[in-house]
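Enquirer: no sequence for this one, just the structure:
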């Protein structure tokens, strides 16, 4: 038995708003949507080598799980060319910055939140 892939999955009150953040602010490419047209309940976006899923919060309860809450602790780590440049662009777009860029763990690292309060770590190579 072998794992074929892993897809981080985020739950949101507003799929369109979350998709716009990951597509427009972080450069994701939409690869899938349910339904295919109209108001989406679930969307998948490709960010670098990873696909993330974004679904309406109320959809999860149909699977027998409790409803997710705003800012439920999790972290999505995104590697980029420059954490500093990405933070500057996100700040200009109005994205809340939690932690300014700093050097640590061999990377340049910073944190923002997506529209639902999920933590997004932005990392890049540390300047030497």
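Expert: That came through, no problem. Remember, predicted model here, so these are calculated numbers, not experimental data.

Enquirer: can you point out the buried residues in the worst-scoring helix or strand of the chain on mean pLDDT?
Expert: Each helix and strand of the chain was given a mean pLDDT (mean pLDDT, DSSP states H and E); the minimum falls on helix 57-60 at a mean of 79. Neighbour-count burial for helix 57-60, counted by 16 or more other C-beta atoms under 10 Å, picks out 57, 59. Where C-beta positions appear, they are placed from N, C-alpha and C, glycine not excepted.

Enquirer: list the helices and strands that helix packs on?
Expert: For helix 57-60, the elements it packs on are strand 9-12, judged by 3 or more C-beta pairs under 8 Å, 6 or more residues apart in numbering; DSSP states H and E.

Enquirer: partner strands of the strand it packs on and their direction?
Expert: Using DSSP bridges, strand 9-12 pairs in its sheet with strand 50-56 (parallel).

Enquirer: who's in contact with the strand it pairs with?
Expert: Strand 50-56 has contacts (C-beta atoms under 8 Å, 6 or more residues apart in numbering) with 5-13, 15, 18-19, 22, 28, 31, 41-45, 76.

Enquirer: in ChimeraX, how would I select the buried members of those residues?
Expert: Of the contacts of strand 50-56, the buried ones go into a single ChimeraX selection, burial set by 16+ other C-beta under 10 Å:
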select :10,11,12,15,18,19,22,28,43,44,45,76
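
Enquirer: picking that back up, can you pull out the residues in contact with the least confident helix or strand of the chain?
Expert: Outside helix 57-60, the residues within contact range by C-beta under 8 Å, 6+ apart are 11-13, 41-42, 66-68.

Enquirer: do the same with stretch 66-80
Expert: By C-beta under 8 Å, 6+ apart, stretch 66-80 touches 8, 10-11, 13, 26, 47-48, 52, 57-58, 60-61, 86, 113-114, 116-124.

Enquirer: quick one: mean pLDDT for the helix or strand in which residue 18 is found?
Expert: Using DSSP states H and E, residue 18 falls within helix 15-20. For helix 15-20, the per-residue pLDDT values average out at 95.
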